[in-house]
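Enquirer: Build the 3D model from these lines:
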Amino acid sequence: MSDDELAAAAAEAAATLASQDSGPGDAAAPPEATELARLEEALTAERDKHLRLAAEFDNFRKRMVRERQDAGTRAQADLVLGLIEVLDDIMRFAHLDPSTVDSNTVVQGVAMVERKVMKSLAGHGLELVDPVGRPFDPAFHEAVGTEPADSSEEDHLVARVYQPGYVFRGQLLRPARVVVKQWLG
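Expert: Numbering: from 1, shown residues only. You can find the predicted model right below:
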């Protein structure tokens, strides 16, 4: 029985008691008084039940917020863990003696670190947007210039990439900044 139904039943019982206007010696008054008391107890019990459910829901909501924050922290920790090896490599390069290392070795080492960073980030969902030779797509590319196309088939194809773009798990983080070929006919 809902709170409204219980309240209506209690009001009806009270109205019935008042309309009878019976004296203290009337035998019908005690059963109605006990019915009213029973209905009031039921109403109180339903209110308590409602308050308990509201408290349980509030605790559930707080637990879900806490669990969501914990999941975010764990995801960040996984990402950082994947980058620790790369950080170790960078620290090794930072402490090399420049007099004993030639420039080719440094360039090769930096390229190796770059590949390691990209591999680690790709494992977490990062994709590189490098559209050379593909049609220009304003959803993923930002045109910073144009250059003439040699034929109409090359019209609106990406000629060069000034800055690569990045997509993380389907969400564009940064568009690729590109030069687009344009057929002038």
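Enquirer: Doesn't Val179 belong to a helix?
Expert: No - using DSSP: H, G, I helix; E, B strand; the rest coil, the assignment for Val179 is strand, not a helix.
Enquirer: Packing partners of the longest helix along the chain?
Expert: Across the chain, the longest stretch assigned as helix under DSSP state H is helix 29-94. In this structure, helix 29-94 makes packing contacts with helix 3-20, helix 103-123, judged by 3 or more CB pairs under 8 Å, 6 or more residues apart in numbering; DSSP states H and E. For the C-beta atoms, the positions are set from N, CA and C on the backbone; glycine is no exception.
Enquirer: avg pLDDT for the shortest one?
Expert: The average of the pLDDT scores along helix 3-20 is 65.
Enquirer: next one: the longest one
Expert: When the per-residue pLDDT values of helix 103-123 are averaged, the result is 90.
Enquirer: got the angle for it vs helix 29-94?
Expert: What separates the directions of helix 103-123 and helix 29-94 is an angle of 170 degrees, with axes from the mean of the first three to the mean of the last three CA atoms, to 10 degrees.
Enquirer: Please enumerate residues in contact with helix 103-123?
Expert: Residues lying outside helix 103-123 but in contact with it, judged by CB atoms under 8 Å, 6 or more residues apart in numbering, are Gly82, Leu83, Glu85, Val86, Asp89, Ile90, Phe93, Leu96, Leu126, Leu128.
Enquirer: Let's see that with 7 Å instead.
Expert: Contacts of helix 103-123 from elsewhere in the structure, counted by CB atoms under 7 Å, 6 or more residues apart in numbering, are Gly82, Leu83, Glu85, Val86, Asp89, Ile90, Phe93, Leu128.
Enquirer: if I look at the third one, how far off is Val117?
Expert: Glu85 sits 10 Å away from Val117, going by CB to CB, to the nearest Å.
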